[in-house]
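1. Let's see this in three dimensions:
(4 chains)
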Protein chains: 4
Amino acid sequence: MSSYFGKNIRIQIFGQSHSEALGVVIDGLPAGLSIDMQQVQTFLDRRRGGQNDYSTARAETDQPRIVSGLVNGVTCGAPLCALFENTDIRSKDYQHVAKIPRPSHVDYYAGVKYGDNHDWRGGGHFSGRMTVLLCFAGAVCLQLLNSWDVHIGAHIEQICTVHDRRYDPTAVSADELNHSGSFPVNDASVEEPMKRVMLDAAKRGDSVGGVIECAIIGLPTGIGNPPFDGIENCLTNAVFAIPAVRGIEFGMGFAAAEIFGSEHNDAFCIVDGQLNHKSNNAGGAVGGLTTGMPLIFRVPVKPTPSIAVEQDSVNLETMQETKLSVWGRHDPCIVPRAVPCIEAAAAIVLADMMAVVNRA
Amino acid sequence: MSSYFGKNIRIQIFGQSHSEALGVVIDGLPAGLSIDMQQVQTFLDRRRGGQNDYSTARAETDQPRIVSGLVNGVTCGAPLCALFENTDIRSKDYQHVAKIPRPSHVDYYAGVKYGDNHDWRGGGHFSGRMTVLLCFAGAVCLQLLNSWDVHIGAHIEQICTVHDRRYDPTAVSADELNHSGSFPVNDASVEEPMKRVMLDAAKRGDSVGGVIECAIIGLPTGIGNPPFDGIENCLTNAVFAIPAVRGIEFGMGFAAAEIFGSEHNDAFCIVDGQLNHKSNNAGGAVGGLTTGMPLIFRVPVKPTPSIAVEQDSVNLETMQETKLSVWGRHDPCIVPRAVPCIEAAAAIVLADMMAVVNRA
Amino acid sequence: MSSYFGKNIRIQIFGQSHSEALGVVIDGLPAGLSIDMQQVQTFLDRRRGGQNDYSTARAETDQPRIVSGLVNGVTCGAPLCALFENTDIRSKDYQHVAKIPRPSHVDYYAGVKYGDNHDWRGGGHFSGRMTVLLCFAGAVCLQLLNSWDVHIGAHIEQICTVHDRRYDPTAVSADELNHSGSFPVNDASVEEPMKRVMLDAAKRGDSVGGVIECAIIGLPTGIGNPPFDGIENCLTNAVFAIPAVRGIEFGMGFAAAEIFGSEHNDAFCIVDGQLNHKSNNAGGAVGGLTTGMPLIFRVPVKPTPSIAVEQDSVNLETMQETKLSVWGRHDPCIVPRAVPCIEAAAAIVLADMMAVVNRA
Amino acid sequence: MSSYFGKNIRIQIFGQSHSEALGVVIDGLPAGLSIDMQQVQTFLDRRRGGQNDYSTARAETDQPRIVSGLVNGVTCGAPLCALFENTDIRSKDYQHVAKIPRPSHVDYYAGVKYGDNHDWRGGGHFSGRMTVLLCFAGAVCLQLLNSWDVHIGAHIEQICTVHDRRYDPTAVSADELNHSGSFPVNDASVEEPMKRVMLDAAKRGDSVGGVIECAIIGLPTGIGNPPFDGIENCLTNAVFAIPAVRGIEFGMGFAAAEIFGSEHNDAFCIVDGQLNHKSNNAGGAVGGLTTGMPLIFRVPVKPTPSIAVEQDSVNLETMQETKLSVWGRHDPCIVPRAVPCIEAAAAIVLADMMAVVNRA
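-> Numbering: from 1, shown residues only, chains lettered A, B, ... in the order given. I've put the predicted structure just below:
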């Protein structure tokens, strides 16, 4: 396992889906930072399941216990550790997993790597449950970033074939980033069709995926340490820590391959006496450095692999082919819950990268 | 700058486009590895410019001088350093860059970060020239990987709107990966239309981008250390060290967002008494671990920003808007030269990740 | 803070002397390792205070709660986290510390670094209490090392001017390393005079220091990655994480400065057909590599700075000189309790360094 | 090998004693730093051999070629690489080393680790020759530190049984640190007896060791990141990269074990309205943090293992015991040449640690 991240502000996670508890340690936060725990909880609640028909019925309260690093709600310079107890565990649901592996789920591959001692219960350390830790750390880092006037938001850009309106890359406002509620979209009219696709799939015992678009505003020019710790490398690194993410693109991304340099280049101009850009096809990142324009990236999320629809698998004891239907408490679509996770990943990366720059 | 990469096999690069020389240090190679320098040179030649009408006229011989780490062509356990002298330098070409920045080029942003002392000549440390170092390290790592029966290849999947045939994700052969020549495509019939698009753009003083697809075969199951050093995180990290890369997707990638779990899941089956997969939509990577299937990813490359076509920019001395045409020795399309760079990035990552596993 | 250590087996600690709890995360342990928790507890008990007249009266049970990483007592590959609740806390004892700093205690300097938000209670993250975490991690790593036939032990080589017999550097047995009880010495006759010195100092409200000698046997030849991760660098790095350590020497150490090369060199010889050494002045470490001989180092521990004897200090509010007597629950000599900490530090380092080599 | 060091300012070294060249890459230097290369050369000359009767006759000019990172003598933000060509190589001198190993030399142990492919010539990557790279990096870092009013100096505290006067730990001046010439002592009268001891040993074909004391002034209070990157951990880590170093002690070091807390504690006082210390037994480091007092440490250096005096060794081909006299160009005492190396190690560490704090 490689369960730590960052250089200046460092994250260490621990726990499994069905261990007694799981937790995150954040080392390197500046001393004297007042943490608004209510705001943190609100952020965590956006990721929490058990609240509607298209997310898992497992109901964890997701309330962190701060065991170190805060004195009277203020960081003291020592590592901050938050602990989440696991309460709503039904380990018997997972007995069969080691014997008949679920297609496209990490179980089988983890079993090859870690052997019989892999924790099969609920995905073990690979579980989506672990993203609550990312969200906690992200929520704390967001408060640090907000104090530097950096703002992060994401929306559901796509569920199956239903698309939301993308951010205007040259004009993203802090308001647009502040999606309240658990179904963040830019165009309210897509919520209904998106939910219908998810519920239809759920009814059939199937699942769907989607795309999340994230935007960050307020970043100064020149954040990034190319070539190996450029802004794209670092953001990507954290984003792939979220299970089910299958790719990433910055700015125009793959579409940049189809146009000419004269169309893709972001011309410079003068606005209010300052250098500015006429477009933002780069998505705010050139050569590993931030450009000062909104930083924009999109991430595809695959359909949940645990489905009730009958699939082909193998009985590892008999080494015979067999059929498998995965029942249990699974999300038919994790995209809505993944939105705060993406924001959190971005927050962790940017707080880490900016910590040095902003150390007064 | 963050000019080092890796944990077990570590790469440190140095140099600028117009410094006296540039070089790469590789630390952690096992002692006793015989390096075939002719093979390394053949690999480097695939990246070299100055050889046709769609790549830069700058003609560097790209012949490495091995200054340490090899004794009689065999690694001795000490860091291997290869030095490349810069010879075909015309620094006067770049005098204007600091004054009137080139749109979508890193110059301006690097100037903000490093100040007046940034090395403006030829892009400095950000130059595509630096990828010769990635290719050297990659060529060495490839020999190590080949000794473990791991093979890597990439092809030009797309130039502007012209597409090559993709690899069959369930059946990639070592032969298909072994593209000789400087224009690697799977379907020979696309070479001509692709070249025509590039030369047309060049004639107009414009540039085009494309997509590169890379495949790796022979990987054992379970390579990767999730969540932060999973196979996707690590590969991505290195790939973004190549200037102009705008994204990445594994397996079906963004297309996975549009289909159902029942369609996307890779069912297990038995082939020759062994567990196998009926499909490879995952592109050989699930939850940060290799699945044992061919590892496949695609990377979009933007059109070269340095174009002769007139663009809008700003004169930083007068802070007035102005027009700019970038003349000089630039590639109208870097995709063909980026193919070995992508292979090299993958080789560096995989050698690093497998070094521990394969240490006997 | 920099509260993590290691490359292959990584330790992350968190907590303060008076936070709700403190804990340690160990990432990178091989899956399938059965942990004997009774043995761990026995090791922890050697470090525990509150058991005699020369150690602090603070009585923590030091019983770890394993919140993750173990399934039925066996490592599963996920990070192992152990939590220790803080129960016997009397925070009012420390109110004055921020105002009138204790000489030679880290309080004042931490206050300069972290500002008013530093956790002054009991030394915060700098407290000797944190070494329980080192001991937990060390006890786990010791079990791994023991499975590789590597054994570690340490004894009180010196308290004030009373000396114990040193290990014979050419012939250390596993038995000699296995000190039971809380007062490990090689020569039982020194126990009484050593304790007398400590109790005499305690009676006067004063404190004493000492020297700890540690030996490790069973190490293969060639462990170490010079020049920056040689065996000496790595051991030293961990040892200085124990508060009050003031130096380190390997083998003859400082005494090597006084003799000639012909006296200091460890001649080679043949014993039972194998290459061996006639002496071990090097203490088992040459040029950053283990020699296969017992690895031996000594560490001086300063007298506890918190003393009741009246000292000169400064009132930081009035900036006037003042007198200070530190009352509270302090050890007059921490050397006995530091012995398992030194063993633990060595165990953590060696498990980390050997993890790669011994990965089968 | 682990040939890199540092977090913010990073050093990567490469080369062997008899490779074509050796070099060092420094990444992370702030852009805009003007490097005085004459001053660097003066520093390097202090370490250079071939200049007197008690150092090796191997005569390298030790003139660095700057291949990257500087534009017109000023850092540009890209990694700075300095190359040193090896010219005065006599590889035939070392043919026998692999067959009959030199006692207390790293050769044999490196041979076990790296196998037959270890570079036996002149110690390979383990050679003292590599310290020229440490000195180059140190000389550059010193200029950065000097710009922050931090000064470093060291002297020969001991050669065999001849002692120099130690620094007064409460009052070290910049003048005292600025030892010109190649034999830095505080008390000029010890130079002659020290040299006599070295030359006497040389005449007998023997060698001697010594102790180096280093002092650093101008450090602010609170530098260090305990517990694992405290000021002591970090300094020690770099110091052990110098071959022949056998230990380290800060402040009173081992002598602190013999006195009482009331004697060892450094009382606070008021001087000129500011908090100050009445003594500096801590050597400027408490609990991993700098105290603002002069930072002082001492390092024992063992006698050179390569001696002409006949020693016992083993013929590895026949596995028979045999006699060995090591002829060649070896220093009978490396202590004088190690003095700038110790200063350089300290400079690298402090520049790295202060880089973040002093980034404006």
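
2. May I have the lowest-mean-pLDDT helix or strand in chain A as CSV, with CA atoms only?
-> For chain A, the helix or strand with the lowest mean confidence is helix A:174-177, at a mean of 90 (criterion: mean pLDDT, DSSP states H and E). The C-alpha trace of helix A:174-177 is given here as CSV (Å, rounded to 0.1, in the frame of the first residue of the first chain):
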residue,chain,number,x,y,z
ALA,A,174,-17.1,31.5,-6.8
ASP,A,175,-20.9,31.3,-6.7
GLU,A,176,-21.0,28.7,-9.5
LEU,A,177,-18.5,26.6,-7.6
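
3. got the buried residues for the helix or strand that it is followed by?
-> Remark: after helix A:174-177, the chain's next helix or strand is helix A:191-203, criterion DSSP states H and E. By 16 or more other CB atoms under 10 Å in any protein chain shown, the buried positions in helix A:191-203 come out as A:191, A:194-195, A:197-198, A:201-202. Just so you know, the C-beta spots here come from the backbone N, C-alpha and C atoms, and that holds for glycine as well.

4. restrict these to contacts with chain B.
-> A:Ala201 (CB under 8 Å from any CB of the partner chain).

5. Closest one to chain B out of the buried residues of helix A:191-203, please.
-> Closest to chain B out of these is A:Ala201 (6.1 Å), distances taken as CB to the nearest CB.

6. From C:Val335, how far off is that closest one?
-> According to CB to CB, to the nearest Å, A:Ala201 stands 66 Å off from C:Val335.

7. which residues in the stretch 151-300 of chain A form helices?
-> A:174-177, A:191-203, A:231-239, A:261-264 (DSSP state H, counting those that start in this stretch).

8. Oh, that last question was meant for the stretch 1-150 of chain A, not what I typed.
-> Going by DSSP H, counting those that start in this stretch, the stretch 1-150 of chain A shows helices at A:37-47, A:107-114, A:131-147.

9. wait, what's in contact with A:Ala355?
-> Residues in contact with A:Ala355 (CB atoms under 8 Å, 6 or more residues apart in numbering or on different chains) are A:8-9, A:28, A:30.

10. want to throw the residues you listed into a markdown table with distance to chain D?
-> Shown next, in a markdown table, are those (distance: CB to the nearest CB, whole Å):
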| residue | distance to chain D |
| --- | --- |
| A:Asn8 | 8 |
| A:Ile9 | 12 |
| A:Gly28 | 9 |
| A:Pro30 | 12 |
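
11. quick one: which of these has the most company?
-> Each of these was scored by neighbours using other CB atoms under 10 Å in any protein chain shown; the highest score is A:Ile9's, at 24 neighbours.

12. Dihedrals phi and psi, it?
-> phi -110, psi 120 (degrees, to the nearest 10).

13. Please identify the one among the helices of the stretch 1-150 of chain A that comes closest to chain C.
-> Per CB to the nearest CB, nearest to chain C of the helices of the stretch 1-150 of chain A: helix A:107-114, 3.7 Å.

14. what helices or strands is the closest one leaning on?
-> Applying 3 or more CB pairs under 8 Å, 6 or more residues apart in numbering or on different chains; DSSP states H and E, one finds that helix A:107-114 contacts strand B:289-290.

15. Any part of the strand it packs on near chain A?
-> Yes. Using CB under 8 Å from any CB, strand B:289-290 reaches chain A at B:289-290.

16. That strand - what's its average pLDDT?
-> Rounded to a whole number, the mean pLDDT of strand B:289-290 is 98.

17. still on that earlier bit, in the least confident helix or strand of chain A, what's buried?
-> Buried-residue list, helix A:174-177, by 16+ other CB under 10 Å: A:176-177.

18. what's next to that helix, contact-wise?
-> Contacts of helix A:174-177 (CB under 8 Å, 6+ apart): A:151-154, A:167, A:186, A:215, A:217.

19. Same check on stretch A:308-322?
-> Contacts for stretch A:308-322 (CB under 8 Å, 6+ apart): A:98-103, A:204-206, A:323-327, B:261-262, B:265, B:267-270, B:273, B:275, B:278.

20. Out of the helices of the stretch 151-300 of chain A, the one nearest A:Cys160 is which?
-> helix A:191-203 (4.7 Å; CB to CB).

21. for the closest one, packing partners?
-> So helix A:191-203, by 3+ CB pairs under 8 Å, 6+ apart, packs with strand A:151-159, strand A:162-163.

22. Is there proximity between the longest one and chain B?
-> Yes. Contact of strand A:151-159 with chain B is found when judged by CB under 8 Å from any CB, involving A:Gln158.

23. Paired strands for that strand, with orientation please.
-> Paired strands of strand A:151-159, with direction, are strand A:162-163 (antiparallel), strand A:210-217 (antiparallel) (DSSP bridges).

24. What's opposite A:Cys269 in the beta bridge?
-> When bridges are called by DSSP bridges, A:Cys269 pairs up with A:Asn276.

25. got a list of what it touches?
-> A:275-278, B:312, B:314, B:321.

26. Any regions of the stretch 201-350 of chain A where pLDDT drops low?
-> Applying pLDDT under 70 to the stretch 201-350 of chain A picks out residues A:329.

27. Make a markdown table out of the helices of the stretch 151-300 of chain A and add distance to D:Phe240.
-> Putting the helices of the stretch 151-300 of chain A into a markdown table (distance: least, CB to CB, whole Å) gives the following:
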| stretch | distance to D:Phe240 |
| --- | --- |
| helix A:174-177 | 50 |
| helix A:191-203 | 59 |
| helix A:231-239 | 32 |
| helix A:261-264 | 52 |
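
28. Which among those is found nearest to B:Asp229?
-> helix A:231-239 (8.7 Å).

29. roughly how far is that closest one from the heart of the chain?
-> From the chain centre to the centre of helix A:231-239 is a distance of 12 Å (CA atoms, centre = their mean, to the nearest Å).

30. Deepest in the core, which of the helices and strands packed on helix A:191-203 is it.
-> Per-stretch averages of neighbours, counted by mean count of other CB atoms under 10 Å in any protein chain shown, single out strand A:151-159 among those, with a mean of 25.

31. returning to that earlier point: save the helices of the stretch 1-150 of chain A as JSON lines, and put in mean neighbour count too.
-> Shown next, in JSON lines, are these (neighbours: other CB atoms under 10 Å in any protein chain shown):
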{"stretch": "helix A:37-47", "mean neighbour count": "17"}
{"stretch": "helix A:107-114", "mean neighbour count": "23"}
{"stretch": "helix A:131-147", "mean neighbour count": "25"}
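
32. Which part of chain A gets nearest to chain D, residue-wise?
-> A:Val356 (5.6 Å).

33. D:Pro30 is in contact with that residue, correct?
-> No. Look at A:Val356 against D:Pro30 with CB atoms under 8 Å: they stay out of range, at 11.8 Å.
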